[in-house]
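In: Sharing a model that was predicted from the sequence below.
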Amino acid sequence: MIAHDPTAERFDLTACVVRALVLYSLAEFQSGHATTIRVTVDGTVFSVADDGRGHAIDRAVDGTPYMRFVYEHLEFPHASGVAAPVQLQGIGLSLVNALCSELIVTVRKADASLRLRFREGRLERSEPGSATANGTGNTIAGTISPRLCPAPADGRLLEGWLLHVLAACPSLQLHFNGRRLQASRDGG
């Protein structure tokens, strides 16, 4: 039997999910399609928003709407035996969804919007809409499932990681819990 070490660093599942989502948004920034990423974390509840291009909302994969596919097919393409028609990020997004008791994905496009609500990893509601005045991009908000016994996110450590991201990308507008982060003047 393995003894519990109370001094061992705990695994911060919420921060791990947030970091993965920030990296997806950062790819939009690095490709010139986004300027701003907004992160909010409160306990095990999170939101990551960007002003990038937004997910494809009119695309289908194997007859399934693309958005549902990338958020629900954790095993794809490994279990299907066919070449992957989606990027590997779909695997990460389905894992994020599987870790959440609730996940709400909002996609804003120039000509349309889409809001998906997942509960326990399965699509519960899809709400297409018209263009919004809020520009383009994605907002992914959720709650880590209580069945995973997550501890509240350590906001201080997550903010430190975000400051490192900002140091690497100083022209990025990065917000955390309602305030814009500023890159350190000493480069670190």
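Out: Cool, got the structure.
In: Let me see the mean pLDDT of the helix or strand containing T143.
Out: T143 belongs to strand 137-144 when elements are defined using DSSP states H and E. What strand 137-144 shows for mean pLDDT is 97.
In: Need the contact partners of it.
Out: If you take Cβ atoms under 8 Å, 6 or more residues apart in numbering as the criterion, strand 137-144 is touched by 13-14, 17, 21, 25, 28, 34, 40, 44-55, 96-97, 99-108, 150. Where C-beta positions appear, they are placed from N, C-alpha and C, glycine not excepted.
In: okay, now V107: neighbour count?
Out: 23 (other Cβ atoms under 10 Å).
In: cool, L174 as well?
Out: L174: 22 neighbours (other Cβ under 10 Å).
In: Pretty sure it sits against V165.
Out: Yes: if you go by Cβ atoms under 8 Å, L174 and V165 touch, sitting 6.7 Å apart.
In: What ranges in this protein fall below the confidence cut-off?
Out: 1-10, 74-91, 185-188 (pLDDT under 70).
In: quick one: the strands in it?
Out: Ranges of strands in the chain, per DSSP state E, are 36-42, 45-50, 60-61, 64-65, 100-108, 112-119, 122-130, 137-144, 173-176, 179-180.
In: Pairing partners for the third one, with directions?
Out: Pointing back at strand 60-61 there. Strands that pair with strand 60-61, judged by DSSP bridges, come out as strand 64-65 (antiparallel).
In: Show residues contacting the partner strand.
Out: Contacts of strand 64-65 (Cβ under 8 Å, 6+ apart): 59, 73, 126.
In: Could you tell me which of the residues you listed count as buried?
Out: For these, a burial check counting by 16 or more other Cβ atoms under 10 Å picks out H73.
In: Out of the contacts of strand 64-65, which comes closest to D154?
Out: Comparing the contacts of strand 64-65 against D154 with Cβ to Cβ places H73 closest, at 31.1 Å.
In: For the closest residue to Y71 other than its chain neighbours, the count of nearby residues, please.
Out: Excluding its sequence neighbours, the residue lying closest to Y71 (Cβ to Cβ, 6 or more residues apart in numbering) is N97, at 4.7 Å. Residues lying near N97 (other Cβ under 10 Å) number 25.
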